[in-house]
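Undergrad: Here you go, sequence then predicted model.
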Amino acid sequence: MRYLGIDFARTIAVVSVMVSHSLTASNLHGPLIEGARVLLTFATPTFFCLFGVMQQIVYEPKFEAGKAVDVTQRLWARAFQCWLLYVMTCAVLAIFGHLSFLYFVRCSLFMGETAFTDILRFYSLMLFLSPLLLLVSARIGLWPLVLVSLLIHAAFPLISKIGPVGTFPGADSVSSFLYGGTLFTHTGPSVIHGVGFVVAGMVIGKILKSRPGAELLLAGPGWTVRAVFALMVGACAIWLWQGHYDYTNGAVRTLLRNSNHPLYLLMGITIAVIYIDFFTLVRRAANIGDKSAWMAFGRTGLFIFAYGNALVYALERPHAYSPPSVVLFLTMIISILVMAYAYYRFRESDWLKSDHPASSIYRRIVDRSAIDFVKFVTDPIFRRHPPDSSLPTAPFSPKS
């Protein structure tokens, strides 16, 4: 079953992330802008949850069917390509930000801060770890993953006091990226805390799979999901109130996110549920189908995060005190959407699927080179080559 509501929610999340980055790069401020930022801030955790949803819906059944090796190799191939795209954005940042070659190398090795494309850094590592999450889900169930995620966030008072792993250049970045600790320089969540969003998405995916033909989480049979959701909403409201967290304040939002506060996880998951159901209803009301242009942006997410953010790096205002520019903002976001839609149409074109020599070469380089490389490296370890033509061969195709 194709979950079009998930696809459309992912589109909104991807576009929202890029709108947020473009607003920041254009130095736009004001009451309306700050109000928009409150809503936009949930796009990233929602995207991570939706990643977990698709892992559970698309790949977990293949693990259960005995195709774990093939799925693992393809997820690692996607992780490798995601890392290559991240390196490309690091190069753009270094060039237009007048940074040293050494800092470019450090960023490429996850030892530097890249602001807008930290999401690619996180995503590449999550893709690499996904086979482990899927293996546990297929062999044991989701409860060990849920338990570990809860324990990690319950240990917030302890983990938040851990210092960097060393004193070498980039130690702060590595530490904040992997576990957070006392360092708030990394744009959260850290890897071990961010897994919680992915696992929550896997739980959502399992719920959806248990309801064939249904897309809405809060309108399904029974009251369990709705009761849990109501408890989550209540817990968020009480926590914000008792903790005196003014979420309309940008500094408070940044602190909760970058410190990997458990409230950020709870709010992110709660909003993800709202995202899924609300935009599923919007999709139905607007009659947005599988071939709609709106779906293009959700299905080219990695392309947008890579090339869109590279464009933002190239055009952003050089200093925080540079004058704001609405024209620059519109130029950024329109260019990103046009690029993404053009790429989507290219990926869907009959020419690319033809036997033309140029299209064959393109498919070999873009679609096959990463998986061929991963298979070359890992086949001696796995010692088997299970064919599975049903899995996608294009890591950055609109269908992936």
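TA: Thanks, I have it.
Undergrad: Enumerate every residue touching Y264.
TA: Under the criterion of C-beta atoms under 8 Å, 6 or more residues apart in numbering, the contact partners of Y264 comprise P45, G188, P189, L256, R257. Just so you know, the C-beta spots here come from the backbone N, C-alpha and C atoms, and that holds for glycine as well.
Undergrad: The second one in helix, strand or coil?
TA: So the one you mean is G188. Remark: G188 carries the secondary structure label coil [criterion: DSSP: H, G, I helix; E, B strand; the rest coil].
Undergrad: can you tell me which residues contact it?
TA: For G188, the contacting residues are G180, G194, R257, N258, S259, N260, Y264, by C-beta under 8 Å, 6+ apart.
Undergrad: among these, which are in helices?
TA: Using DSSP state H to define helices, the subset of the contacts of G188 located there is G194, R257, N258, Y264.
Undergrad: before we move on, back to that, and the contacts of Y264, which are buried?
TA: Listed as buried from those are P45, G188, P189, L256, R257; burial here means 16 or more other C-beta atoms under 10 Å.
Undergrad: Mind picking the lowest-pLDDT entry from the contacts of Y264?
TA: Looking at those, model confidence by pLDDT dips furthest at G188: 72.
Undergrad: Pull up the gap between that one and L93, please.
TA: When C-beta to C-beta, to the nearest Å is the yardstick, G188 and L93 sit 19 Å from each other.
Undergrad: now do L50
TA: As defined by C-beta to C-beta, L50 lies at a distance of 26 Å from L93.
Undergrad: in the stretch 151-300 of the chain, which ranges drop under the pLDDT threshold?
TA: For the stretch 151-300 of the chain, residues meeting the criterion pLDDT under 70 lie at 184-186.
Undergrad: how about 50 then?
TA: Under the criterion pLDDT under 50, no range of the stretch 151-300 of the chain is flagged.
Undergrad: And the helices in it?
TA: Secondary structure of the stretch 151-300 of the chain (DSSP state H, counting those that start in this stretch): helices at 156-159, 171-178, 191-209, 224-242, 250-258, 262-286, 295-299.
Undergrad: elements contacting the third one?
TA: By that I understand helix 191-209. On a contact count with 3 or more C-beta pairs under 8 Å, 6 or more residues apart in numbering; DSSP states H and E, helix 191-209 meets helix 43-54, helix 118-139, helix 143-154, helix 171-178, helix 262-286.
Undergrad: how distant is the shortest one from the center of its chain?
TA: Mean-position distance between helix 171-178 and its chain equals 19 Å (C-alpha atoms, centre = their mean, to the nearest Å).
Undergrad: Check which residues of that helix are buried.
TA: For helix 171-178, the neighbour count (16+ other C-beta under 10 Å) marks D172, S173, V174, S175, S176, F177, L178 as buried.
Undergrad: Pick the most buried one from the helices and strands packed on helix 191-209.
TA: The highest mean neighbour count among the helices and strands packed on helix 191-209, using mean count of other C-beta atoms under 10 Å, belongs to helix 43-54: a mean of 25.
Undergrad: helices or strands up against it?
TA: For helix 43-54, the packing partners by 3+ C-beta pairs under 8 Å, 6+ apart come out as helix 4-25, helix 118-139, helix 191-209, helix 262-286.
Undergrad: now the angle between helix 118-139 and the first one, please.
TA: What it means is helix 4-25. Computed with axes from the mean of the first three to the mean of the last three C-alpha atoms, to 10 degrees, the direction of helix 4-25 lies at 150 degrees from that of helix 118-139.
Undergrad: Please apply the same query to the last one.
TA: Helix 262-286 and helix 118-139 meet at an angle of 90 degrees, taking the same axes, to 10 degrees as the criterion.
Undergrad: same thing with the third one?
TA: Orientation check (the same axes, to 10 degrees): helix 191-209 against helix 118-139 gives 50 degrees.
Undergrad: where in the stretch 301-400 of the chain is pLDDT low?
TA: Low-confidence segments of the stretch 301-400 of the chain, defined by pLDDT under 50, span residues 387-400.
Undergrad: just the helices in it please.
TA: In the stretch 301-400 of the chain, the helices defined using DSSP H, counting those that start in this stretch lie at 301-303, 309-315, 326-348, 357-362, 369-382.
Undergrad: what's the burial count for the closest residue to P221 other than its chain neighbours?
TA: Using C-beta to C-beta, 6 or more residues apart in numbering and skipping residues adjacent in sequence, the residue nearest P221 is R211, 7.3 Å away. Here the neighbour count serves as a burial measure; for R211 (other C-beta atoms under 10 Å) it reads 15.
Undergrad: okay but R211 is in contact with L218, surely?
TA: No. Using C-beta atoms under 8 Å, R211 is not in contact with L218, being 11.6 Å away.
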